[in-house]
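Undergrad: need a structure here:
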Amino acid sequence: MLITLGIIGVVAALTIPTLIQNYKKREVETSLKKIYSTVNQAIKKAELDYGDYHTWESGPNGTGAIEKYFIPYLNVINVVPSYDGSASCTLRRLYLADGSLLIAKACVHWGFWMTFCYYPNAENWTGQYQNQGCLAKDFGRSSFSFQFSTADFPGNRLYTNSPFQPYVSGELKNKEVNAESLTDSKYVYACNKDAQSPRECAALIMYNNWKIPKDYPFRLK
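TA: Predicted coordinates for the structure are as follows:
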């Protein structure tokens with residue numbers, strides 16, 4: 001009996017982490033697809049009140065845009081100002097009713113272009129209160145990057161009919177966006193363990209039909 005229990009214990013120790021990761025993968029896949037749809041639907045609702053999003057105005061440091069065009073149309077339960085040390089940028093942490101967190105960042109020198117970090121589980125954000133926005137250590141693990149622009153994106157994009165897109169950097173501008181380019185470690189933002197700032201993991205997952213690839217480089221939190 002003791003031998004049997006020991007074998008069961010060993011098997012459990014080997015399989016439970018895999019089961020947990022598989023569950024987290026399904027959770028992340030569902031959450032990323034949902035936030036992509038949710039924000040794009042919110043933009044369409046805002047357009048009914050303010051016209052085509054290409055005509056929207058950013059306001060000072062982008063603050064007006066976040067508060068005018070996004071917050072009222074999302075199921076936000078709490079808004080917290082956040083800072084990353086840049087006086088020309090504005091960040092807002094938007095805590096959503098489903099337990100996720102969307103961090104919006106707009107900077108004066110960007111024009112009307114915003115980046116978003118999305119945490120499917122808000123509890124995975126571990127920054128200091130009003131001190132940090134997106135945490136680089138979380139990219140591809142518990143945080144996934146998106147972008148919005150009223151004009152052409154600084155980088156490339158996967159689909160041209162949706163203003164809220166997974167983040168694809170300017171490194172890939174005019175290049176083909178595919179699994180190879182999104183994971184190539186020579187690019188700073190590639191979804192790769194050796195990349196300096198792996199922000200393109202949401203783009204990789206979207207490219208893979210909202211499925212996390214079998215060779216995904218990060219362990220999800």
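Undergrad: ranges for the helices of this protein?
TA: 2-50, 63-65, 179-183, 201-207 (DSSP state H).
Undergrad: list the helices and strands the last one packs on?
TA: The one in question is helix 201-207. Counting contacts by 3 or more CB pairs under 8 Å, 6 or more residues apart in numbering; DSSP states H and E, helix 201-207 packs against helix 2-50, strand 144-149, strand 164-166, helix 179-183. (C-beta placed from N, C-alpha, C; glycine too.)
Undergrad: just the residues contacting it, thanks.
TA: Contacts to helix 201-207, defined as CB atoms under 8 Å, 6 or more residues apart in numbering, come from residues 28-29, 32, 36, 118, 139-140, 144-146, 158, 165-168, 177-179, 182-183, 191, 211-213, 216, 218.
Undergrad: correct me if wrong: Ala190 contacts Glu200.
TA: Yes: the pair Ala190 / Glu200 is scored as a contact, 5.8 Å apart, by CB atoms under 8 Å.
Undergrad: what's the overlap in contacts for these two?
TA: Between them, Ala190 and Glu200 share the neighbouring residues Leu182, with contact defined by CB under 8 Å, 6+ apart.
Undergrad: which one of these two has more residues nearby?
TA: When neighbours are counted by other CB atoms under 10 Å, Ala190 and Glu200 differ, and Glu200 comes out ahead with 32 against 28.
Undergrad: return the residues in contact with Ala46.
TA: By CB under 8 Å, 6+ apart, the residues touching Ala46 are Tyr53, Lys68, Tyr69, Phe70, Pro72, Tyr73.
Undergrad: show me what contacts the closest residue to the last one other than its chain neighbours?
TA: For Tyr73, the nearest residue in space outside its immediate sequence neighbours is Ala42; the separation is 3.7 Å by CB to CB, 6 or more residues apart in numbering. Residues in contact with Ala42 (CB under 8 Å, 6+ apart) are Phe70, Tyr73, Leu74.
Undergrad: same deal with Asp84?
TA: By CB under 8 Å, 6+ apart, the contact set of Asp84 is Leu91, Lys105, Gln132, Gly133, Cys134.
Undergrad: now, which of those lie within strands?
TA: Leu91, Lys105 (DSSP state E).
Undergrad: end to end, how far does stretch 124-143 reach?
TA: 8 Å (CA to CA, to the nearest Å).
Undergrad: give me the buried subset of the contacts of helix 201-207.
TA: Buried residues within the contacts of helix 201-207, counting neighbours by 16 or more other CB atoms under 10 Å: 28-29, 32, 36, 118, 139-140, 144-146, 165-168, 177, 182-183, 191, 212-213, 216, 218.
Undergrad: now Asn75, nearest residue through space, not along the chain?
TA: Spatial nearest neighbour of Asn75, chain neighbours left out: Ala97 (4.3 Å); criterion: CB to CB, 6+ apart.
Undergrad: next, the contact list for the one you found, please.
TA: Asn75, Val76, Ile77.
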